[in-house]
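Engineer: what's the 3D shape of this:
(chains A, B, C and D)
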Protein chains: 2
Amino acid sequence: MNLLTFSLLGVFNVPITIRDVAKAAGVSITTVSRALNGYPDVSVETRRKIVRIAETLNYRPSSVARSLVMNRTRTIGLLVSDLSKGRTGHYFMFQVLYGLHDRLAELGYDLILFSTTSKRQQQISYLDFCTERRLDGVCVMGIRLDDPYIHEVVDSSLPSVVIDLPLLSDTCGYVMTDNVYGARLAVRHLLSRDHKNIAFINGHSQAAVSRDRKRGYEEALREADLPVDESLQRHADYTADGGAKAFEDVYKQNRSITAAFFASDLMALGALAWCKTQGIAVPDDVAFVGFDDIELAQFSSPPLTTILQRRYEMGVTAANMVVAMTEGTDTAQGRMLAPELLIRQST
Amino acid sequence: MNLLTFSLLGVFNVPITIRDVAKAAGVSITTVSRALNGYPDVSVETRRKIVRIAETLNYRPSSVARSLVMNRTRTIGLLVSDLSKGRTGHYFMFQVLYGLHDRLAELGYDLILFSTTSKRQQQISYLDFCTERRLDGVCVMGIRLDDPYIHEVVDSSLPSVVIDLPLLSDTCGYVMTDNVYGARLAVRHLLSRDHKNIAFINGHSQAAVSRDRKRGYEEALREADLPVDESLQRHADYTADGGAKAFEDVYKQNRSITAAFFASDLMALGALAWCKTQGIAVPDDVAFVGFDDIELAQFSSPPLTTILQRRYEMGVTAANMVVAMTEGTDTAQGRMLAPELLIRQST
DNA sequence: TCTAATATCCAAAACGTTTTGGGAGGAAAA
DNA sequence: TTTTCCTCCCAAAACGTTTTGGATATTAGA
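Structural biologist: Below you'll find the model as predicted:
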């Protein structure tokens, strides 16, 4: 009997079920379930016997059966918007993902990935995907302000947390860096170095973070009673290439600038490379401040002054929030994480 | 009735079941199932009616119930080994992840993430996780040769694909770049530029890719009848910092070197930054070749000559392989992807 | 007209759990 | 002695699907 079971497992890969354990222990499946789940109405010896047998049979309860009956999957979806855009944003997203996954695992939840760009998601909406998989909650990352489906998630009764977009409802919280403050930190730092003509290379305008960073940039200038000159600002796309092109443009149009604030390190590093080719010295001719603190920022030459975003903690916070909402221990809320100025040699 | 259903859905978030559809259409749940799944034994009018009602009720079949009865989840696990190590490897892993996810979605599979370092995985083994979730297959990435649990996955009957580690069994395939060839390309290129003393900064020795790249480096030297000098080789950890330190060491010990081959772009970029601080000119004093072609490689100064790895395609290939094994349409096999030499200005 | 074939449908079982609502037996309380 | 109360256990229902094995009309063939 035992031999049969084992050989079945080995050859046909049929997993051991609770029934097998019950049979081997000579008890009902009810008792096995209650014994393994720590209910008090099981005698000590019975419980020990069941646990031992479950271990020797290597019994693993099917989470899919459990999900069905308990009506919750202990699974959180991560909706990544521009997973397919390929290159940009990885530096940011990977660490958020890591924090999110780490904390979710700690809380006993699994993470399932889906993106807006995959062929499947173009036929079935985000929300439909979530209900089909009976997800307990969802985190959204990299979404744009003009995404047509974003409100479907926000308005649904499924607990959700949006990263880098301040959307708040009964069932939808958010977590983001205080980008206004971060941009102010950057520009104030440049002002303290006596720069007056400060260019701003922003990311694409359909990101909430872009708007906030622009606001911070302008507020810092106004604080110092300096004019806000739109001709010193450019929109790029958060890529190194785009940053280089945008900086080239603003620099050629306006030779009086002595500093530039970039809405991402990647764009700053791209511009830095361009400066090298043109013989423009950083920070002597023009000072650079980036945003994000990606790993390579400290290894550029000169090392890049930048605004640190706590990416890992954003993920952890998102995990905590979505689980709290799922379990009903807390309501939806927005959370701002403080950025930090890292002064290196590009200023 | 319809109104009641809708309000229940809205307020209590109780998903519509097949029973609701059946009741609304006045047929049995069997017929609903068969109608929606395209079986032929449903009349045209009945099918149309059912489809219409399913749509208006916004019915989404529960994939967990379906998984239970069909005994397959259409879910693939991605086991990432050093997700928690934080920084290194993202540049590589994110794109593999993207290719994997993209192709899996196309094939109708979902991707669930788990890592060896999360607290949960330290109590329950990889394989136990897979059987609990009843995964149909698993891909493994970033694992080290000395990982104690790797054979648990390889030897199990669960279809698996390992990335960057040539492990082959009945149920375990692999996909990797031809690292030996890639390293040979790199070193041959340096040799063609008349370099004779070529340093090699490798990653940690417990990665299969490190061993292969070392082999390619040495083979290329032997091809050119040059001696293999162990004192020109160093092991680092694939980080920018480690690359810089290792290069500093080998350079100071051996001033005669005129070129260096790095087992990753990140290490090369770290060393490049160190060279700047020391006034060492690249490529005039020493030529650099990296490995990977991460985005920033083209934006360093000078832009980095490197070996391109087809990361996205590795993910796509892994997806194809694991699904083929899962569905029994193909057996386990190993696949090597060809790398490519990108000549830029660091050589 | 009767039979055979076909088209259309359905009841019930099954998947592997958890949970509900007891039941049996023994000990304590009356 | 009877009643009450634990302690320990279990049968059955439920979760939402798919699939099996017919059943019932309807149509075609004889």
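Engineer: Please count neighbours and contacts with C-alpha atoms only from this point.
Structural biologist: Noted.
Engineer: What are the boundaries of the helices in chain A?
Structural biologist: Taking DSSP state H to define them, one finds helices in chain A at A:2-12, A:18-25, A:29-36, A:44-57, A:63-70, A:90-106, A:126-132, A:150-155, A:179-192, A:208-223, A:240-253, A:265-278, A:311-326.
Engineer: And the last one, what's buried?
Structural biologist: Of the residues in helix A:311-326, A:311-323, A:325-326 count as buried by neighbour count, 16 or more other Cα atoms under 10 Å in any protein chain shown.
Engineer: Check whether it comes into contact with chain B.
Structural biologist: No. In this structure, helix A:311-326 remains apart from chain B according to Cα under 8 Å from any Cα of the partner chain; the gap is never smaller than 8.9 Å.
Engineer: what pLDDT, on average, does that helix get?
Structural biologist: When pLDDT is averaged along helix A:311-326, the result is 97.
Engineer: Output that helix in PDB, but only the C-alpha positions, please.
Structural biologist: The C-alpha coordinates for helix A:311-326 follow below in PDB (Å, rounded to 0.1, in the frame of the first residue of the first chain):
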ATOM      1  CA  ARG A 311      12.700  51.700  -4.000                       C
ATOM      2  CA  TYR A 312      12.900  48.600  -1.900                       C
ATOM      3  CA  GLU A 313      10.900  50.300   0.800                       C
ATOM      4  CA  MET A 314       8.300  51.400  -1.700                       C
ATOM      5  CA  GLY A 315       7.800  47.700  -2.500                       C
ATOM      6  CA  VAL A 316       7.600  46.700   1.100                       C
ATOM      7  CA  THR A 317       5.200  49.500   1.800                       C
ATOM      8  CA  ALA A 318       3.000  48.500  -1.100                       C
ATOM      9  CA  ALA A 319       3.000  44.900   0.100                       C
ATOM     10  CA  ASN A 320       2.000  45.900   3.600                       C
ATOM     11  CA  MET A 321      -0.800  48.200   2.400                       C
ATOM     12  CA  VAL A 322      -2.400  45.800  -0.100                       C
ATOM     13  CA  VAL A 323      -2.300  42.900   2.400                       C
ATOM     14  CA  ALA A 324      -3.800  45.100   5.200                       C
ATOM     15  CA  MET A 325      -6.600  46.100   2.900                       C
ATOM     16  CA  THR A 326      -7.100  42.500   1.800                       C
END
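Engineer: picking that back up, ok, which of the helices of chain A comes nearest B:E340?
Structural biologist: With Cα to Cα as the measure, helix A:240-253 is the member of these nearest B:E340 (21.8 Å).
Engineer: could you say what helices and strands that closest one packs with?
Structural biologist: strand A:198-202, strand A:233-235, helix A:265-278 (3 or more Cα pairs under 8 Å, 6 or more residues apart in numbering or on different chains; DSSP states H and E).
Engineer: Packed most tightly, which of the ones you listed would that be?
Structural biologist: Mean neighbour counts were taken over those using mean count of other Cα atoms under 10 Å in any protein chain shown, and the top value, a mean of 26, falls to strand A:198-202.
Engineer: Could you check the angle that one makes with helix A:240-253?
Structural biologist: If you take axes from the mean of the first three to the mean of the last three Cα atoms, to 10 degrees, strand A:198-202 sits at 150 degrees to helix A:240-253.
Engineer: mind checking how far A:H101 is from chain B?
Structural biologist: Counting by Cα to the nearest Cα, to the nearest Å, the separation of A:H101 from chain B is 8 Å.
Engineer: ok now do that residue, which residues does it touch?
Structural biologist: Contact analysis of A:H101 by Cα atoms under 8 Å, 6 or more residues apart in numbering or on different chains lists A:D110, A:L111, A:G315, A:V316, A:A319, B:L113, B:F114.
Engineer: Turn these into JSON lines, including distance to A:C172.
Structural biologist: Formatted as JSON lines, those follow (distance: Cα to Cα, whole Å):
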{"residue": "A:D110", "distance to A:C172": "20"}
{"residue": "A:L111", "distance to A:C172": "18"}
{"residue": "A:G315", "distance to A:C172": "16"}
{"residue": "A:V316", "distance to A:C172": "16"}
{"residue": "A:A319", "distance to A:C172": "13"}
{"residue": "B:L113", "distance to A:C172": "23"}
{"residue": "B:F114", "distance to A:C172": "25"}
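Engineer: Tell me the one among those residues nearest to DNA strand C.
Structural biologist: Distance to DNA strand C, by Cα to the nearest atom of the strand, is smallest for A:D110 among these, at 16.6 Å.
Engineer: For the closest one, which residues are in contact?
Structural biologist: A:D110 neighbours (Cα under 8 Å, 6+ apart): A:R74, A:T75, A:I76, A:H101, A:L104, B:I112, B:L113, B:F114.
Engineer: how much space between the third one and B:V80?
Structural biologist: With distances taken as Cα to Cα, to the nearest Å, A:I76 is found 18 Å from B:V80.
Engineer: Ok, the first one next?
Structural biologist: For A:R74, the distance to B:V80 (Cα to Cα) stands at 20 Å.
Engineer: picking up where we left off before, ranking the helices and strands packed on helix A:240-253 by mean pLDDT, which is last?
Structural biologist: Looking at these, the weakest mean confidence is helix A:265-278, a mean of 93.
Engineer: what angle sits between that one and helix A:90-106?
Structural biologist: 150 degrees.
Engineer: Might you report the residue contacts of whichever residue of chain A sits closest to chain B?
Structural biologist: When scored by Cα to the nearest Cα, chain A has A:I112 as its residue closest to chain B, at 4.4 Å. The neighbours of A:I112, taking Cα under 8 Å, 6+ apart as the test, are A:T75, A:I76, A:G77, A:L78, B:D110, B:L111, B:I112, B:L113.
Engineer: so what's A:Q121 scoring on pLDDT?
Structural biologist: In the prediction, the pLDDT value recorded for A:Q121 is 63.
Engineer: typed the wrong thing, it's A:G38
Structural biologist: At A:G38, the pLDDT value in this model is 94.
Engineer: now swap in A:E295 and tell me
Structural biologist: A:E295 is assigned a pLDDT of 81 by the prediction.
Engineer: can you check the one 5 residues further on too?
Structural biologist: Reading off the confidence values, A:S300 has pLDDT 85.
Engineer: repeat for A:L9
Structural biologist: 43.
Engineer: end-to-end on stretch A:292-308?
Structural biologist: The separation between the terminal residues of stretch A:292-308, taken as Cα to Cα, is 5 Å.
Engineer: Briefly note if that stretch comes near chain B.
Structural biologist: Yes. Interface with chain B: stretch A:292-308 contributes A:E295, A:L296, A:F299, A:S300, A:S301, A:P302 (Cα under 8 Å from any Cα).
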